[in-house]
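Student: Could you work out the structure for the sequence below:
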Amino acid sequence: MQYTRLGISDIEVSRLCLGSMTWGSQNTFDQAALQIEQALDAGVNFIDTAEMYPTTPLLADTFGDTERIIGRWLKQSGRRHDVVLASKVLGNGRDDLDGGGDITAAKFEASLHASLERLGTDCIDLYQLHWPNRGSYHFRQHWHYDPSAQRTADVDAHIVDVLEAADAAVKAGKIRTLGLSNETAWGTQRFTHLAEQHGLPRVVSIQNEYNLLVRHFDTDLAEVSHHENVGLLAFTPLAAGALSGKYDDGELPAGSRRTLNDSLNGRWTDYSREATRRYNALAREHGMEPALLALAFCLSRPFMTSVIIGATHPQQLAINLSAADVTLSDSVLDAIAAIRRDHAMPI
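Tutor: Numbers count the residues shown, from 1 in each chain. The predicted model follows:
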């Protein structure tokens, strides 16, 4: 397993990060604990969660259950110091969930306090803003995204408000670093600029969707990531399982994500199916599992800090973990580029 620095911090994280959003719905505590031990044995030291997890499905009744599972494992195992722990404050968009509404300093503080209690720890290593208050083009919203009503002064006031709350949390020892999620290039730059201007904590990472089908990060965000030292934590690198190849034959495996959400939140459509099958076929032509091709491609990107993997079964996790040892040849990368030319924006 390789490790890299988390932005400008002194925290070293594994290039693969263990995601947790199925723990508490698709996975029991015992299954989650097994996944954690399996990942740590493979060299993973990075676990990502959020106050809203689990999300398969996302329900008010299970809000916070994933953090409770991790907290129970931390208490039983005594291995808090072996793990770099990341969580997130929810933000707006789901007012039916506990803590919905815009992220403010007060919301930041309240959510952080609740997450610390559920996790049973004094400090979260990376605390992330799950969504920008002003809206996001992620999760297929790029087709109608319109930022023209935004006011820079309002955005800046919000950012300073949150950065001041983060500063207080850092000084109190409740968080070590701050990160973003579902952000844009401009939003990320406002956070870094205002932090420097006001002497407040600087964001170290941005957690956005990135995979063979979703590559918004490749242009402006890649440039921001390089110059501002804000690396990508890629979520859904397998496109919610589509790039594992398990749906290629038309079957719907029992317990799979599509049994809960047929379109995989807009990732499994008439446009994406052919691109997905071509990428998966390319992997098989070169004697590898489709998941390995998808994960190894993400790991090859120069802006990548860590790729967030998730699984519901130990066998799936073992395949995903083995991606750390895969290097794609130039011919495979050229073939990926050719497929992308034919399917530039399939979802």
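Student: Next one: the residue nearest to residue 266 when sequence neighbours are not counted, what pLDDT does it get?
Tutor: Among residues not flanking residue 266 along the chain, residue 140 sits closest, at 4.1 Å (CB to CB, 6 or more residues apart in numbering). Glycine gets a C-beta too; all of them are placed from N, C-alpha and C. For residue 140, the model assigns a pLDDT of 86.
Student: Give me the residue ranges of the chain where confidence is low.
Tutor: Low-confidence segments of the chain (pLDDT under 70): 93, 95-96, 98-99, 255, 258-259.
Student: all strands for it, in order.
Tutor: Assigned strands in the chain, in chain order: 3-5, 12-14, 16-19, 46-48, 84-89, 124-129, 175-181, 203-209, 231-235, 304-309 (criterion: DSSP state E).
Student: And for residue 140, the neighbour number?
Tutor: Neighbourhood size, residue 140 [other CB atoms under 10 Å]: 16.
Student: Pull the contacting residues for it.
Tutor: The contact partners of residue 140, by CB atoms under 8 Å, 6 or more residues apart in numbering, come to 265-266, 347.
Student: Just the buried residues of those residues.
Tutor: Listed as buried from these are residue 347; burial here means 16 or more other CB atoms under 10 Å.
Student: As CSV, the contacts of residue 140 with distance to residue 68 would be great.
Tutor: Below are these laid out as CSV (distance: CB to CB, whole Å):
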residue, distance to residue 68
265, 24
266, 29
347, 33
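Student: closest to residue 46 among the contacts of residue 140?
Tutor: residue 265 (23.9 Å; CB to CB).
Student: Just give the nearest non-adjacent residue to residue 103, would you?
Tutor: With sequence-adjacent residues excluded and distances taken as CB to CB, 6+ apart, residue 103 is closest to residue 91, at 4.8 Å.
Student: From residue 29, how far off is the closest residue in space to residue 32 that isn't next to it in sequence?
Tutor: Leaving out its chain neighbours, the residue that sits closest to residue 32 by CB to CB, 6+ apart is residue 23, at 4.0 Å. The spacing between residue 23 and residue 29, counted by CB to CB, to the nearest Å, is 8 Å.
Student: Show me whatever sits in contact with both of the two.
Tutor: By CB under 8 Å, 6+ apart, residue 23 and residue 29 have these common neighbours: residue 69.
Student: Compare those two and say which is more crowded by neighbours.
Tutor: Neighbours of residue 23 and residue 29, each counted by other CB under 10 Å, are more numerous for residue 23; the result is 28 against 16.
Student: For residue 88, which residues are in contact?
Tutor: When contacts are counted by CB under 8 Å, 6+ apart, residue 88 touches 49-52, 127-130, 181, 207.
Student: try residue 185
Tutor: Residue 185 makes contacts with 220-221, 223-224, as judged by CB under 8 Å, 6+ apart.
Student: 10 Å - rerun?
Tutor: 206, 216-217, 219-225, 228 (CB atoms under 10 Å, 6 or more residues apart in numbering).
Student: now the closest residue to it other than its chain neighbours: how far from residue 186?
Tutor: If the residues on either side of it in the chain are set aside, residue 185 comes closest to residue 220, at 3.9 Å by CB to CB, 6+ apart. Residue 220 is 8 Å from residue 186, where distance means CB to CB.
Student: now residue 344
Tutor: In terms of CB to CB, residue 344 sits 23 Å off from residue 186.
Student: follow-up on the earlier one: of the contacts of residue 88, closest to residue 120?
Tutor: Checking the contacts of residue 88 against residue 120 with CB to CB, the nearest one is residue 49 at 12.8 Å.
Student: these two touch, right, the closest one and residue 21?
Tutor: Yes: if you go by CB atoms under 10 Å, residue 49 and residue 21 touch, sitting 7.6 Å apart.
Student: Tell me which of residue 344 and residue 186 has more neighbours.
Tutor: With neighbours defined as other CB under 10 Å, residue 344 and residue 186 compare such that residue 186 has more, 14 against 9.
Student: which residues touch that one?
Tutor: By CB under 10 Å, 6+ apart, the contact list for residue 186 reads 147, 150, 152, 155, 220-221, 224.
Student: Give me the buried entries from those residues.
Tutor: 155, 221, 224.
Student: how much space between the residue positioned nearest the centre of the chain and residue 309?
Tutor: Closest residue to the average C-alpha location of the chain: residue 235 at 3.4 Å, with CA atoms, centre = their mean. Here the criterion is CB to CB. By it, residue 235 lies 10 Å from residue 309.
Student: and what of residue 86?
Tutor: 14 Å.
Student: Spit out the residues that contact those two alike.
Tutor: Taking CB under 10 Å, 6+ apart as the contact rule, residue 86 and residue 309 both touch 17, 19, 48.
Student: Any chance of CSV for those residues, columns distance to residue 82?
Tutor: What follows is the shared contacts of residue 86 and residue 309, written out as CSV (distance: CB to CB, whole Å):
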residue, distance to residue 82
17, 14
19, 18
48, 15
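Student: can you list those in a markdown table and add distance to residue 120 and neighbour count?
Tutor: Below are the shared contacts of residue 86 and residue 309 laid out as a markdown table (distance: CB to CB, whole Å; neighbours: other CB atoms under 10 Å):
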| residue | distance to residue 120 | neighbour count |
| --- | --- | --- |
| 17 | 20 | 26 |
| 19 | 20 | 27 |
| 48 | 17 | 27 |
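Student: Many thanks, I have nothing further to ask.
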